[in-house]
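Engineer: Curious how this folds, go ahead:
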Amino acid sequence: MAETTYRIPTVLSAEELMDKAFHRASKITVSGTTFLDAKKKTTLAKITASGDIVHDTLQGYVDKFPRIEKEEDFLSELVDIIIGLDDYKKALGAVNWAARRVEMLRNESVRSIRWTKDPALIDSVKGQFYGRTSSLLKRISKDLLFLQDCKNKFRKLPHIEPNVPTVVIAGFPNVGKSSLVSVLSTAEPEVAPYPFTTKGIIIGHIEDTWRKYQVIDTPGLLDRELSERNDIEKQAILALKYLTHVMVFVLDPSETCGYGMDKQTALLESVQRGFEGVPIIIAESKTDLLRTGHPEHLAFSAKTGDGMEALRTAVIKELRKVPVEEE
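Structural biologist: This is a model prediction of the structure:
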């Protein structure tokens, strides 16, 4: 899947769609050889035009809203959190049903009129078509309003590429995560909205000789123990888990972040349990203040650049192991 951007049209309300279809149909006039011929041709054109507008508009929503199955991946989990995947699929299903019903009504009405010579029946069929179409749209009015809300929420989804190998930065606030993202990235990281974070997700990119990688910090998600999370926050972290190929967990041995090493270590253990199977690089920050010399930890200072190249090399080495996904 490419970058998460969607070109979704504005969703009209049931009333707006009825006004659009019937107003356009009201302007149609077709001449004929006789009064009955003109009446029949005009009515056929009105029904066809209004039916096409309603059907094509509804079918367009079904086609242009993203198809998201309830699978274990980043996007489906994220959509489930902010929209509700079952409600979303139900609304699209209702709109799809209405589009098919309007198409059937249009075809039935056209057939009825073509074979009649009764002016009263022509008017009756047209009235029934307009009435039944209006009833169908009213039945899905709540679904249309829901989809318009979905469109607005889709626009606010972070622009993340789920198939691009991704390193996620974790650790307590003020340990140097955002600085690390900036130093690792080849360009200025962007800040994008993300559910359940107050500061927004920070997204950078790492350019390798032949691939591009993502580096992400999620303030508010991986900065306290998973056991302290509510159900919605846990689901947000689950969504993030599907995105994470490699993690860098940042420790601040100087404790100038405001958290003691005992708490930082406890958070590390919590994250390791929650992200089992994900390679985790443990990196100690702020070597310009304190260096422990731990043999299994990398050490760096985003301020001075000390150890940054070694950390970058270690990150890219792990990211290169991620299989290339076919487009």
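Engineer: Kindly format the C-alpha coordinates of stretch 152-167 as PDB.
Structural biologist: Taking C-alpha atoms only, stretch 152-167 is exported to PDB below (Å, rounded to 0.1, in the frame of the first residue of the first chain):
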ATOM      1  CA  ASN A 152     -13.000  14.200   7.500                       C
ATOM      2  CA  LYS A 153     -11.300  11.700   9.700                       C
ATOM      3  CA  PHE A 154      -9.500  10.000   6.800                       C
ATOM      4  CA  ARG A 155      -8.000  13.400   5.900                       C
ATOM      5  CA  LYS A 156      -6.400  13.600   9.300                       C
ATOM      6  CA  LEU A 157      -4.700  10.200   9.300                       C
ATOM      7  CA  PRO A 158      -1.000  10.500   9.500                       C
ATOM      8  CA  HIS A 159       0.800  10.100   6.200                       C
ATOM      9  CA  ILE A 160       2.600   6.900   6.900                       C
ATOM     10  CA  GLU A 161       3.700   4.300   4.400                       C
ATOM     11  CA  PRO A 162       2.900   0.900   6.000                       C
ATOM     12  CA  ASN A 163       5.100  -1.000   3.600                       C
ATOM     13  CA  VAL A 164       8.200   1.000   4.100                       C
ATOM     14  CA  PRO A 165      10.600  -0.500   6.700                       C
ATOM     15  CA  THR A 166      10.100   1.500   9.800                       C
ATOM     16  CA  VAL A 167      12.100   2.200  13.000                       C
END
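Engineer: Just the buried residues of it, please?
Structural biologist: Residues 154, 157, 158, 160, 161, 162, 164, 165, 166, 167 are the ones in stretch 152-167 that count as buried (16 or more other Cβ atoms under 10 Å). Every residue, glycine included, has its C-beta placed from N, CA and C.
Engineer: Could you list the low-pLDDT ranges of this structure?
Structural biologist: 1-6, 70-72, 193-199, 325-327 (pLDDT under 70).
Engineer: Repeat the analysis, applying 80 as the threshold.
Structural biologist: 1-7, 69-75, 156-160, 162, 187, 191-200, 219-236, 238-239, 324-327 (pLDDT under 80).
Engineer: hmm, which two among the buried residues of stretch 152-167 are most spread apart?
Structural biologist: Pairwise distances across these (Cβ to Cβ) peak at 25.8 Å, for the pair 154 and 167.
Engineer: Would you quantify the distance from residue 123 to residue 98?
Structural biologist: Look at residue 123 and residue 98: by Cβ to Cβ, to the nearest Å, they are 25 Å apart.
Engineer: Settle it for me: which of those two has more neighbours?
Structural biologist: Legend: neighbour count by other Cβ atoms under 10 Å for residue 123 and residue 98, higher for residue 98 (23 against 13).
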